[in-house]
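Visitor: My questions are about this predicted structure, shown below with the sequence.
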Amino acid sequence: MATPSIAVIGAGLMGHGIAAIFAASGHQVSLHDPDANILGSAKERIAAIFDLLGWDPAALSNVTYVAAFARCVAQADFVFEAGPEKLEVKRAIFKALGEATKPTAILCTNTSAIPIGLIGAEVADKSRVVGTHYWNPPHLVPLVEVVQAESTSLATVEKTIALLKAAGKSPVHVRRDIPGFIGNRLQHALKREAIALVAEGVCDAETLDTVVKEGFGARMAVCGPLEQSDLVGVNLTLDIHRTLIPDLDRTPGPHPYLVELVAKGELGMSKGKGFRTWTPETAAAVRKRLSDFLAQSARALKEKKR
Ligand SMILES: NC(=O)c1ccc[n+]([C@@H]2O[C@H](COP(=O)([O-])OP(=O)(O)OC[C@H]3O[C@@H](n4cnc5c(N)ncnc54)[C@H](O)[C@@H]3O)[C@@H](O)[C@H]2O)c1
């Protein structure tokens with residue numbers, strides 16, 4: 001079978017990384033963005049990913065940069081949409097994709113939270129619309145949540161999973177089109193309690209981060225939470241839940257502490273203050289630490305899969 005050709009719509013933070021992944025694994029990739037500056041800078045940004053991960057630069061020529069939307073997607077077997085997180089924009093992109101692609105093309109959206117069914121509402125054949133939720137940066141974080149909406153066919157899910165696996169990603173099948181899919185539900189359940197602990201003065205934000213990074217977070221990359229429950233015995237989880245669950249935060253909606261931070265303009269590293277206080281140097285150090293760690297893990301994973 002011929003190597004499927006890929007189109008990526010949106011060449012921003014996520015889109016250029018997604019394009020890089022497929023180009024590196026031998027696919028022809030056409031990349032589109034309506035913003036000429038963003039499309040123009042994509043080549044350099046993709047080359048930087050290849051450089052970071054030591055990928056063969058010869059594969060950079062697999063990417064074509066296409067200003068015309070319809071020409072970008074006309075021959076694609078898979079389209080990955082990474083446009084803005086706005087329902088009306090995504091819905092319009094998918095309506096246009098439904099008309100401009102081959103009838104067999106699989107149409108994937110990288111939405112973080114919008115239901116897939118709403119995004120694909122105006123595509124005639126909804127069986128080929130599927131969610132593919134990559135994590136930032138997509139070329140460094142292995143997981144992709146493949147989200148099956150009510151109308152998505154199982155064949156679409158299976159073909160998408162096979163494509164992602166062959167490209168070295170770790171796809172999982174999310175069987176229902178629910179807000180946050182799996183990963184963001186878990187991540188934000190943790191953040192809800194984290195914010196409440198800080199708001200109630202149990203600890204400061206730095207201590208909270210230390211507890212995660214140097215406590216249970218230290219084992220999480222190699223042992224998932226349910227695997228860990230099985231490891232110690234699920235009866236222990238039940239005993240803990242009997243005491244703990246009734247005491248956990250159950251504020252309905254965003255915690256007032258978070259709402260207040262945003263109202264005060266304390267948005268995080270970009271403003272020098274969020275949950276914690278930042279200087280340009282301490283913020284840069286966190287970014288570097290994270291990027292170095294993820295790049296090292298990505299290289300190690302690739303070695304393991306060889
Ligand atoms: N940034 C993250 O951490 C992250 C993680 C997972 C998923 N996502 C999702 O991925 C998608 C893209 O996010 P991002 O962070 O790359 O955003 P981004 O703003 O960096 O990129 C979006 C790109 O879409 C382009 N665009 C605008 N209108 C368009 C249109 N009509 N058609 C095609 N492209 C258009 C913009 O010019 C921009 O380059 C969003 O749905 C976002 O929720 C983001």
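Guide: Nice, I can see it.

Visitor: Now find how far off-centre stretch 192-200 is within its chain.
Guide: Going by CA atoms, centre = their mean, to the nearest Å, the spacing between the C-alpha centre of stretch 192-200 and its chain's C-alpha centre is 25 Å.

Visitor: can you pull the alpha-carbon coordinates of that stretch into PDB?
Guide: Extracted as PDB, the C-alpha positions of stretch 192-200 are listed here (Å, rounded to 0.1, in the frame of the first residue of the first chain):
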ATOM      1  CA  ARG A 192      -8.900  21.400  40.900                       C
ATOM      2  CA  GLU A 193      -7.600  19.900  44.100                       C
ATOM      3  CA  ALA A 194      -4.200  21.600  43.800                       C
ATOM      4  CA  ILE A 195      -5.800  25.000  43.500                       C
ATOM      5  CA  ALA A 196      -8.100  24.300  46.500                       C
ATOM      6  CA  LEU A 197      -5.200  23.200  48.700                       C
ATOM      7  CA  VAL A 198      -3.400  26.500  47.900                       C
ATOM      8  CA  ALA A 199      -6.500  28.600  48.300                       C
ATOM      9  CA  GLU A 200      -7.200  27.000  51.700                       C
END
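
Visitor: Show me what counts as buried in that stretch.
Guide: 192, 194-199 (16 or more other CB atoms under 10 Å). Yep, even glycine has a C-beta here, placed from its N, CA and C like the rest.

Visitor: Please apply the same query to stretch 68-75.
Guide: Residues of stretch 68-75 classed as buried by neighbour count (16+ other CB under 10 Å): 69, 72-73.

Visitor: and of the residues you listed, the nearest to the ligand?
Guide: Set against the ligand, the nearest of these by CB to the nearest ligand atom is residue 69 (7.1 Å).

Visitor: From residue 45, how far out is that closest one?
Guide: 20 Å (CB to CB, to the nearest Å).

Visitor: possible to save the buried residues of stretch 68-75 as a markdown table with pLDDT, distance to the ligand and secondary structure?
Guide: A markdown table is the format used below for the buried residues of stretch 68-75 (pLDDT from 0 to 100; distance: CB to the nearest ligand atom, whole Å; DSSP: H, G, I helix; E, B strand; the rest coil):
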| residue | pLDDT | distance to the ligand | secondary structure |
| --- | --- | --- | --- |
| 69 | 98 | 7 | helix |
| 72 | 98 | 10 | helix |
| 73 | 98 | 11 | helix |
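
Visitor: Residue 50: what's it in contact with?
Guide: 20, 24, 56-57, 59-60 (CB atoms under 8 Å, 6 or more residues apart in numbering).

Visitor: Relative to the ligand, which residue of the stretch 151-300 of the chain is the closest?
Guide: residue 184 (8.8 Å).

Visitor: Run a quick neighbour tally on that residue.
Guide: When neighbours are defined as other CB atoms under 10 Å, residue 184 has 16 of them.

Visitor: so who does the closest residue to residue 22 other than its chain neighbours touch?
Guide: Nearest non-adjacent residue to residue 22, counting by CB to CB, 6 or more residues apart in numbering: residue 6, 4.5 Å away. Counting by CB under 8 Å, 6+ apart, residue 6 touches 19, 22, 27-30, 76-80.

Visitor: Closest one to the ligand out of those, please.
Guide: Using CB to the nearest ligand atom, these come closest to the ligand at residue 80, 9.6 Å.

Visitor: for the closest one, what are its contacts?
Guide: Contacts of residue 80 by CB under 8 Å, 6+ apart are 6-9, 15, 18, 108-110, 132.
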